[in-house]
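Enquirer: I'd like to go over a predicted model; first the sequence, then the structure.
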Amino acid sequence: MFAGEPTWPPLLQPNTDGDLTPRDAMNKVTIQTLQKLKLERQKFAVVAAYDASFSTLLAEAGVDVILVGDSLGMTVQGHNTTVPVTIDDVCYHTHAVKRGNDTSLIIGDLPFMTYSSPQDALLNSTKLMQAGAHMVKLEGGRWLAEAIKALSDCGIPVCAHLGLTPQSVNKLGGYKVQGRDADSAQAMIEDAMALEAAGADLMVLECVPSVLAKRISEQLSIPVIGIGAGSDTDAQVLVIYDMLGISTKSPKFSKNYLQYNPSIPAALADYVDEVKRGAFPSLEHSFE
Ligand SMILES: Nc1nc(=O)c2c([nH]1)NC[C@@H]1CN(c3ccc(C(=O)N[C@@H](CCC(=O)O)C(=O)O)cc3)CN21
Ligand SMILES: CC(C)C(=O)C(=O)O
Ligand SMILES: [Mg+2]
């Protein structure tokens, strides 16, 4: 972007004083932005979305990070799991999200079996980064340390993902809360520390008891994004279709913001506001 080039649409983002200031090309969200928010104890909002139109609305509503999630296999494609999603599917949607705004940090979700070796992780992450992602996400524990180090060494930021890892649904036996007993909670804490040490820049915790998510968020230096993980993580993420009440089955932890708002932009702004105030998730959207 050059000086004087018109920016359309105008992207509005509350600054630290609470005023609305344009987030322009000079005001892109980076991993450093998110690190600073964690240090300042300011929560940020993340949404899983898959197209340009929502990408534009999300940036305007003050959503800092957009995840092009493999949940698209369930929401867009109609599968029962995320297992059938391919790297080309996520690349296609990453291109679309990228065209919708120029300021969000975009995370591309590596699909099932696209990172089972460090070599595959590098090859498939290259595809996501060249499609417009600024970071890649992968599901699993300390066995991913080598792949994460290789990506990090090559300049590819990584978001780790612990707790309920939906690509392992066939091993887990369903979409169930993880880390409820002492041994599995301790293992998750050790996995989280190993992944941060390997070079992860962000971490998603999905469907874990709130006290465990709080403990991991406090223990890690990197920002932790929760989904069904209580209100004490550094950020929250929801799937756009769940937030707008158009998913056929929404998990207990998700909330339909269109129910309380007159329009989609108002619903998105309400979500951002509730996350920043720590009002979402309440106990009814969390697990013990
Ligand atoms: N639309 C959508 N939203 C999501 O959050 C989402 C996807 N799709 N697809 C990928 C994964 C799968 N996810 C899921 C799916 C179902 C539950 C679920 O039914 N959980 C039970 C809790 C089970 C327990 O208590 O152990 C629930 O009642 O919410 C949770 C996460 C989260 N992700
Ligand atoms: C639910 C989030 C964390 C995700 O991985 C996805 O949307 O695929
Ligand atoms: Mg995913």
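Expert: Here it is on my side, so go on. Numbers count the residues shown, from 1 in each chain. Ligands and ions are numbered 1, 2, ... in the order given.
Enquirer: Return the residues of the protein in contact with ligand 2.
Expert: By the rule C-beta under 6 Å from any ligand atom, the part of the chain lying against ligand 2 is 48, 67, 69-71, 109, 204, 206, 227, 237, 239. C-beta coordinates here come from the backbone N, C-alpha and C atoms, glycine included.
Enquirer: okay if I get these as a markdown table plus neighbour count and distance to G245?
Expert: A markdown table is the format used below for those (neighbours: other C-beta atoms under 10 Å; distance: C-beta to C-beta, whole Å):
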| residue | neighbour count | distance to G245 |
| --- | --- | --- |
| A48 | 24 | 15 |
| L67 | 29 | 19 |
| G69 | 26 | 18 |
| D70 | 28 | 22 |
| S71 | 22 | 16 |
| D109 | 29 | 23 |
| V204 | 26 | 23 |
| E206 | 23 | 21 |
| I227 | 28 | 17 |
| V237 | 25 | 17 |
| V239 | 22 | 11 |
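Enquirer: Mind telling me which residue of the stretch 1-150 of the chain is nearest ligand 1?
Expert: Closest residue of the stretch 1-150 of the chain to ligand 1, C-beta to the nearest ligand atom: S71 (3.6 Å).
Enquirer: And that residue, how far from Y175?
Expert: 11 Å (C-beta to C-beta, to the nearest Å).
Enquirer: then stretch 75-85 to PDB, C-alphas only?
Expert: Taking Å, rounded to 0.1, in the frame of the first residue of the first chain, the C-alpha atoms of stretch 75-85 are listed here in PDB:
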ATOM      1  CA  THR A  75     -19.700 -26.300   8.800                       C
ATOM      2  CA  VAL A  76     -19.100 -25.700   5.100                       C
ATOM      3  CA  GLN A  77     -18.700 -29.200   3.700                       C
ATOM      4  CA  GLY A  78     -21.200 -31.100   5.900                       C
ATOM      5  CA  HIS A  79     -18.900 -33.800   7.100                       C
ATOM      6  CA  ASN A  80     -19.300 -35.300  10.700                       C
ATOM      7  CA  THR A  81     -15.600 -34.700  11.500                       C
ATOM      8  CA  THR A  82     -12.600 -32.600  10.300                       C
ATOM      9  CA  VAL A  83     -10.800 -35.700   9.000                       C
ATOM     10  CA  PRO A  84     -11.800 -35.400   5.300                       C
ATOM     11  CA  VAL A  85     -10.400 -31.900   5.000                       C
END
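Enquirer: can you give me the helices in the protein?
Expert: With DSSP state H as the criterion, the chain has helices at 31-39, 52-60, 72-75, 87-100, 118-131, 145-153, 169-172, 182-198, 210-219, 240-243, 264-277.
Enquirer: mean confidence for the fifth one?
Expert: Yep, that's helix 118-131 we're talking about. Helix 118-131 carries an average pLDDT of 98.
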